[in-house]
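In: Predicted model, plus sequence, below.
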Amino acid sequence: MSSSSDRRSFLVLFQPAGKRGRFPAGVTVLDAARALGVDLDSICGGRGLCGRCQITTAEGSFAKLGIESASHHLEPETEAERRFRQRRGLAAERRLGCQARICGDLVIEVPTESQLHRPLVRKEADRRPVVLDPVVTLHHVMPEPPRLERPRADRERLLDALAAEWGLAGVDLDPALLPSLQKLLRQPEEGVTVAVRNGATVVQIRPGFRDRALGVAVDVGSTTIAAQLCDLLSGEVLAADGEVNPQIRFGEDLMSRVSYALVHEDGAARMTALVREAVDGLVARLASEADAAPDDILEWVVVGNPIMHHLFLGLDPTPLGAAPFTPAVEGAVEMRLVELGIRAAAPGARVHLPPLVAGHVGADCLAAVLAAGIHLGEEITLLVDVGTNAEIVLGNRERLLACSSPTGPALEGAQISCGQRATAGAIERVRIDPETLEPRFRVIGCPLWSDDPDFPAATAALPISGICGSGVIEAIAEMYLAGILGADGRIDPALAARSPRVCLEGRTAAYRLHPGPPEIRITQEDVRAIQLAKAALHAGAELLMERLGVDHVDRVLLAGAFGSHIDPLRAMVLGMIPDCPLERVDSIGNAAGAGARIALLNRAARRELAALAARIEKIETAIEPRFQERFVAALGFPRAPARHPHLARRVTLPAAPRQERRRSRRRRA
């Protein structure tokens, strides 16, 4: 290049950022982008290794700018680009920004996949845009080799390289990495890839160029543990799965586990060991599925209710079992995973546990709010994370209130006579003909209804084994709509003379859903268990509405693995949730897990979680006198159309018995 061209400067515009500036000939596109603050990714430090800085050049005349842009306004392809094109592939119209040097006016287009802080688009529980900005970043550096005339220690040479090549001044090195540092820096021609956490601490050093950094988002529920293995550099979920929490052997509900810890000296320690082993094994399986090594996993985010949170950390959960329900810690906790005995991660990997709201409202609730985004909108939204201990949040951008309700495991199929987990062979959907009282149903693993002629053949290898939570809810709701149940929840024994589906069991009656084998009945005790659970849920919601000063909600969101399978109409028929337009009731899946993933992929989300924890007003149902009153009132099923107008538009609510109507009129008089 001639000296005259060296003295010239050229106008460069980056799209879609819209940022522009003038640069001398010979400056790389990556350096120009960094100078303007344009979001152009890179790991290799401009060596043409990672391919994350790919760009394209717009061709043609741009009248507003008064420039002509063309691909030949970049210097010819370099040897590093040719090697990359052969090794990993590079579209013909693309160049590597770290290699392409400016030699004319340009309009540069940065593709979405080349943007470091690019938006992530997913269709699950996320109800808001998420920007990729993980807490751990990778940087390939070439530390200066040691010289006799300028002696410099290995750690200092590494940190000098980070400052010089990446502008990361003031970074420190995790002392646990010191023993391996000397050997790693004895091959200066390869350089090293450094993982920096929060822009402050080196948590991993690997030889040569590496471009894989993974993270894990875990939701430790009292019934189910769910985990997602994510690529921290792309935001992609590489693998996801769940399994039953093995602590369930110590009790279906949380208070049973607290009691176990109280009664047995080593009870809490045993439950801690079990849950850690389960999570570790689950993540190891996900890593194997994604063909990843533990050394690739650099960050975990774990959410859970306060008791699961304490047991995962090895903290005593028993103070959470009695007033004033004081947790050992409320703020966010970060520590090395090796300190917890976790092996499915790199030695320097950390785990982040977001804050708790209070003794009975945990980080899982916070994460669900984050994913659902109810704190950002104007609508009064009720978020219900349905589980053995339901967590309920009500509000909008102005104010948020939360409580927990002791629903117990009945809504998930436990403590039900023929109940089981939601696995293949379990009845999950039920409809009952109000004239004949005959049912039809669907089972998990088969798309056909039981009245389909092909149903017996389709389920021959899939024997019907029981009924899961969603099936129980639908069965009882349908029994109520068909008149089998009264508003008080009593199965009408007189119907036994009308239909063989209603059978007498001593002084009570039951509904035979499936003659067997095995015979599946909905008993009077099953109905009572669901009534107790749904009344706790409804009373908690009403208590929050009373505190917020509203008599209705604009939207209801059902969260949780179980919540995502609940039929909104049947849930409203039972009175699980307040009356609301049915089209405004949504199931949003595992919102807690989605929120954990957001916190894994975006560091600002962790600050947002901390702000939410401080902002949410906690209502303690255990000491709230109005809760018990509302609980008793909610035991019955919805009946008066005037009090349930949205539900009454969709179904015909059973009329009250004549004597009850008379009593109601006398009370009003």
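Out: Yep, that arrived.

In: so where's the longest helix in the chain?
Out: Longest helix of the chain, by residue count under DSSP state H: helix 524-548.

In: Okay, strands next: where are they in the stretch 351-500 of the chain?
Out: Remark: strands assigned in the stretch 351-500 of the chain by DSSP state E, counting those that start in this stretch are 381-385, 390-395, 400-405, 426-432, 439-443, 466-467.

In: If K19 is in a bridge, with which residues?
Out: The partner list for K19 in beta bridges (DSSP bridges) reads F14.

In: Let me know the secondary structure of the closest residue to T224 other than its chain neighbours.
Out: Excluding the flanking residues, the one nearest T224 by Cβ to Cβ, 6 or more residues apart in numbering is G242, at 5.2 Å. For the C-beta atoms, the positions are set from N, CA and C on the backbone; glycine is no exception. What DSSP: H, G, I helix; E, B strand; the rest coil gives for G242 is strand.

In: before we move on, the earlier item: turn the strands of the stretch 351-500 of the chain into TSV, including mean neighbour count and mean pLDDT.
Out: Formatted as TSV, those follow (neighbours: other Cβ atoms under 10 Å; pLDDT from 0 to 100):
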stretch	mean neighbour count	mean pLDDT
strand 381-385	26	92
strand 390-395	27	92
strand 400-405	24	90
strand 426-432	23	93
strand 439-443	22	94
strand 466-467	26	90
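
In: Format those strands as a markdown table; extra columns: distance to A611.
Out: As requested, these are exported to a markdown table (distance: least, Cβ to Cβ, whole Å):
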| stretch | distance to A611 |
| --- | --- |
| strand 381-385 | 17 |
| strand 390-395 | 14 |
| strand 400-405 | 11 |
| strand 426-432 | 39 |
| strand 439-443 | 43 |
| strand 466-467 | 42 |
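
In: and G21, which of the ones you listed is closest to it?
Out: strand 400-405 (43.5 Å; Cβ to Cβ).

In: List the strands paired with the closest one, with their directions.
Out: strand 390-395 (antiparallel), strand 617-618 (parallel).

In: need those in a markdown table with distance to E299, can you?
Out: Output for those, formatted as a markdown table (distance: least, Cβ to Cβ, whole Å):
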| stretch | distance to E299 |
| --- | --- |
| strand 390-395 | 25 |
| strand 617-618 | 29 |
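
In: how close does the nearest residue to G466 once chain neighbours are set aside get to E505?
Out: Distance criterion Cβ to Cβ, 6+ apart; nearest residue to G466, sequence neighbours excluded, is Q420 at 3.6 Å. Q420 is 20 Å from E505, where distance means Cβ to Cβ, to the nearest Å.

In: neighbour count winner among these two?
Out: Comparing Q420 with E505 by other Cβ atoms under 10 Å, the one with more neighbours is Q420, at 20 against 13.

In: is it true that that one touches I427?
Out: No: in this structure, Q420 is not within contact of I427 by Cβ atoms under 8 Å, at 9.3 Å.

In: circling back to that earlier point, ok, which of the strands paired with strand 400-405 comes nearest A536?
Out: So among these, strand 390-395 is nearest, using Cβ to Cβ, at 7.3 Å.

In: which outside residues touch that closest one?
Out: If you take Cβ atoms under 8 Å, 6 or more residues apart in numbering as the criterion, strand 390-395 is touched by 305, 361-362, 364-365, 368-369, 374-375, 380-385, 400-405, 407, 536-537, 540-541, 544-545, 548, 553, 616.

In: ok and it relative to helix 524-548, angle-wise?
Out: 30 degrees (axes from the mean of the first three to the mean of the last three Cα atoms, to 10 degrees).

In: mind checking how far strand 390-395 is from the chain centre?
Out: 16 Å (Cα atoms, centre = their mean, to the nearest Å).

In: and the closest residue to L159 other than its chain neighbours, how many residues sit next to it?
Out: Excluding its sequence neighbours, the residue lying closest to L159 (Cβ to Cβ, 6+ apart) is V171, at 5.9 Å. V171: 19 surrounding residues under other Cβ under 10 Å.

In: One more: the one 3 residues further on?
Out: A count of nearby residues for D174, using other Cβ under 10 Å, gives 17.

In: Quick check: it touching V202?
Out: Yes: shown here, D174 and V202 form a contact pair, counting by Cβ under 8 Å, at 6.0 Å.

In: can you map out the helices along the stretch 551-669 of the chain?
Out: For the stretch 551-669 of the chain, the helices defined by DSSP state H, counting those that start in this stretch occupy 568-574, 591-601, 603-615, 625-633, 645-648, 658-668.

In: As TSV, these with distance to S450, mean pLDDT and mean neighbour count would be great.
Out: Formatted as TSV, those follow (distance: least, Cβ to Cβ, whole Å; pLDDT from 0 to 100; neighbours: other Cβ atoms under 10 Å):
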stretch	distance to S450	mean pLDDT	mean neighbour count
helix 568-574	17	90	22
helix 591-601	32	94	31
helix 603-615	45	94	17
helix 625-633	35	85	14
helix 645-648	27	86	16
helix 658-668	35	44	10
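
In: looking at these, which is closest to L148?
Out: helix 603-615 (41.8 Å).

In: low-scoring pLDDT stretches of this structure, where are they?
Out: Along the chain, the model assigns pLDDT under 70 to residues 1-7, 119-128, 188, 408-414, 561-564, 655-669.

In: domains for the chain, by residue range?
Out: Domain assignment for the chain by automatic domain parsing gives 3-114, 135-207, 253-364, 372-409+530-648, 418-521.

In: for these, which one sits closest to T224?
Out: Per Cβ to Cβ, nearest to T224 of these: domain 372-409+530-648, 5.6 Å.

In: Give me the distance between the two termini of that closest one.
Out: Start-to-end span of domain 372-409+530-648 (Cα to Cα, to the nearest Å) is 28 Å.

In: quick check, distance from it to the centre of its chain.
Out: Counting by Cα atoms, centre = their mean, domain 372-409+530-648 comes out at 17 Å from the chain centroid.

In: go on, stretch 145-160?
Out: That offset, for stretch 145-160, works out to 44 Å (Cα atoms, centre = their mean).

In: Would you mind listing the buried residues in it?
Out: Residues 154-155, 157-159 are the ones in stretch 145-160 that count as buried (16 or more other Cβ atoms under 10 Å).

In: Stretch 275-286 too?
Out: Within stretch 275-286, the residues that count as buried by 16+ other Cβ under 10 Å are 275-276, 278-280, 282-286.

In: for the longest helix of the chain, packing partners?
Out: strand 381-385, strand 390-395, strand 400-405, helix 469-481, strand 508-514, helix 625-633 (3 or more Cβ pairs under 8 Å, 6 or more residues apart in numbering; DSSP states H and E).

In: what angle separates it from strand 381-385?
Out: Using the same axes, to 10 degrees: helix 524-548 against strand 381-385 is 140 degrees.
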